[in-house]
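Colleague: prediction below, plus the sequence it came from.
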Amino acid sequence: MAALSPASKRALTNLRAFAPPPTNYFKCPLKRRAAVLILLFADRGGDLRVVLTIRSAGLKNYAGQAALPGGKADTLQESPWQTARREAFEEIGLPLTEDKLPPGYTVEHLAELPTNLAMTELGVRPCVAYLKAPLPSARNPNPDAARDLLPKLDAKEVAAVFTAPFHNFLREKDEDPAQREVEGEWYKGSWHSWHESAWRMHNFSVPVTSSTSFLAKRPDSYTDPRPSSANPASTAQSGASKKPAPTKKSGMQPPLPRSFYRVSGDALAQPRYRVFGMTARILVDAARVAYGEEPEFEHNSHFGDEEMIERLIKIGRLSEEKKEGEILTREVIKQAKDARM
């Protein structure tokens, strides 16, 4: 394992020192609580990388999309950290306790970020952790966190796990010149209206190689649930490249169509994996905290959605049971914004 770079050391120090504001996560009922794990580790150059997954094509929600390991809380007593660790164990096989990790590996809980509001009306708490590899030894002369820990996947939930350069989520282009040769652009972004709010849709395309991406072993009985007419080569950006992305300061765009969120063709057949939406926003915010820098591209300046979650709870939204057809309409958001705090 290479020594951490000075920038990586500062990033971990900043994350350890981060004090999040009071959270409304615990005001959400159990069925509205979720957490994700931002798992960082050092590559051979000492730079930090983050672990992501490609969701299984057979899942009901967000099939084929890139995501951070995570999911819903099991009990009211389960902390966001416990939820994130449990889900990471279930999805990518990250052991829950240190004694189950390969010798010399440790997982440090660094920080928790403000809670985000998912489109499905969940409060999502990002938990940041550092996976520290051991020093070289006779038993493991070349420790590699990705190789040693990541290829243990649950194919029912996760089709692949891959890693991305953490600091690059503050940049408009690939920082590694070699990655710029991979077909596709690292970043595209645009402003869209989300119920009277300006929402910056970040759209990253992460280059993948055999050393940064690991596929789940599909059972013999596996059949792809998508229509056979889907052409894996029909889009290099899973539908995002059908029309040019707006440039910086291009003005507000209409709400994104549902087709934007669907993955066309085989997500795993692309030279780059697409990371967008709330997952991308969480990664941008985590990198802002870690490196003490603002991104090169435009972005929502506030961290998380604590105020909006509190306002929605105040007007009776985010209840234990979600009613049929219940969505966050323009009227609901306006009512929440007008509510006295």
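Modeller: Received it, and whenever you're ready, just let me know what you need.
Colleague: surely residue 140 and residue 149 touch.
Modeller: No - look at residue 140 against residue 149 with C-beta atoms under 8 Å: they stay out of range, at 11.8 Å. (Glycine included, C-beta is placed from N, CA and C.)
Colleague: out of the two, which sits in the more crowded spot?
Modeller: residue 149 (22 against 17; other C-beta atoms under 10 Å).
Colleague: distance of that one relative to residue 114?
Modeller: Distance, residue 149 to residue 114, by C-beta to C-beta, to the nearest Å: 28 Å.
Colleague: now do residue 269
Modeller: 36 Å.
Colleague: which of those two has more residues huddled nearby?
Modeller: Shown here are residue 269 and residue 114; by other C-beta under 10 Å, residue 114 has more neighbours (21 against 9).
Colleague: now that one. Nearest residue, chain neighbours left out?
Modeller: residue 304 (2.8 Å; C-beta to C-beta, 6 or more residues apart in numbering).
Colleague: surely that neighbour forms part of a helix?
Modeller: No - Residue 304 sits outside any helix when classified using DSSP: H, G, I helix; E, B strand; the rest coil, being coil.
Colleague: so what's it up against?
Modeller: 113, 114, 115, 116, 285 (C-beta atoms under 8 Å, 6 or more residues apart in numbering).
Colleague: one step back: quick check: neighbours shared by residue 140 and residue 149?
Modeller: The overlap between the contact sets of residue 140 and residue 149 (C-beta under 8 Å, 6+ apart) consists of residue 102.
Colleague: farthest-separated two in the contacts of residue 304?
Modeller: Maximum pairwise distance among the contacts of residue 304 (C-beta to C-beta): 11.6 Å, between 115 and 285.
Colleague: higher neighbour count, these two?
Modeller: Per other C-beta under 10 Å, whichever of residue 115 and residue 285 has more neighbours is residue 115, with 30 against 23.
Colleague: what's the spacing between that one and residue 34?
Modeller: For residue 115, the distance to residue 34 (C-beta to C-beta) stands at 9 Å.
Colleague: mutual contacts of those two, please.
Modeller: Shared contacts of residue 115 and residue 34 (C-beta under 8 Å, 6+ apart): 123, 124, 125.
Colleague: helix, strand or coil for the last one?
Modeller: So the one you mean is residue 125. Following three-state DSSP, the label given to residue 125 is strand.
Colleague: quickly list what it is bridged to.
Modeller: residue 35 (DSSP bridges).
Colleague: tell me if I'm right that it and residue 24 touch.
Modeller: No - in this structure residue 125 lies outside contact range of residue 24 using C-beta under 8 Å: 10.1 Å.
Colleague: how about this structure, which residue sits the furthest from its center?
Modeller: Going by C-alpha atoms, centre = their mean, the residue of the chain most distant from its centre is residue 138, 35.5 Å out.
Colleague: distance check, it against residue 132.
Modeller: In this view, residue 138 and residue 132 are 20 Å apart by C-beta to C-beta.
Colleague: same question for residue 173.
Modeller: From residue 173 to residue 132 the distance is 30 Å (C-beta to C-beta).
Colleague: with neighbour numbers in mind, choose between the two.
Modeller: The residue with more neighbours, out of residue 173 and residue 132, is residue 132; 19 against 13, by other C-beta under 10 Å.
Colleague: what helices or strands is the lengthiest helix in the chain leaning on?
Modeller: Taking DSSP state H as the assignment, the helix of the chain that covers the most residues is helix 277-291. Applying 3 or more C-beta pairs under 8 Å, 6 or more residues apart in numbering; DSSP states H and E, we find helix 277-291 packed against helix 6-17, strand 33-42, strand 48-55, strand 116-117, strand 123-132, strand 198-207.
Colleague: next secondary structure after the fifth one?
Modeller: Okay, so that is strand 123-132. Using DSSP states H and E, the helix or strand that follows strand 123-132 towards the C-terminus is helix 145-149.
Colleague: I'd like the next helix or strand past that following helix.
Modeller: Next helix or strand after helix 145-149 toward the C-terminus (DSSP H and E): strand 158-165.
Colleague: can you name the next helix or strand after that next one?
Modeller: Going down the chain from strand 158-165, the next helix or strand is strand 187-193, by DSSP H and E.
Colleague: convert the C-alpha atoms of that next one to PDB, please.
Modeller: Extracted in PDB, the C-alpha atoms of strand 187-193 (Å, rounded to 0.1, in the frame of the first residue of the first chain):
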ATOM      1  CA  TYR A 187     -18.800  15.700 -16.600                       C
ATOM      2  CA  LYS A 188     -22.000  17.200 -18.000                       C
ATOM      3  CA  GLY A 189     -24.400  19.200 -15.900                       C
ATOM      4  CA  SER A 190     -27.500  21.400 -16.200                       C
ATOM      5  CA  TRP A 191     -30.000  23.300 -14.100                       C
ATOM      6  CA  HIS A 192     -33.500  22.000 -13.900                       C
ATOM      7  CA  SER A 193     -36.700  23.000 -12.200                       C
END
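Colleague: each with direction, which strands does it pair with?
Modeller: According to DSSP bridges, strand 187-193 forms sheet pairs with strand 198-207 (antiparallel), strand 252-253 (parallel).
Colleague: perfect, that will be all.
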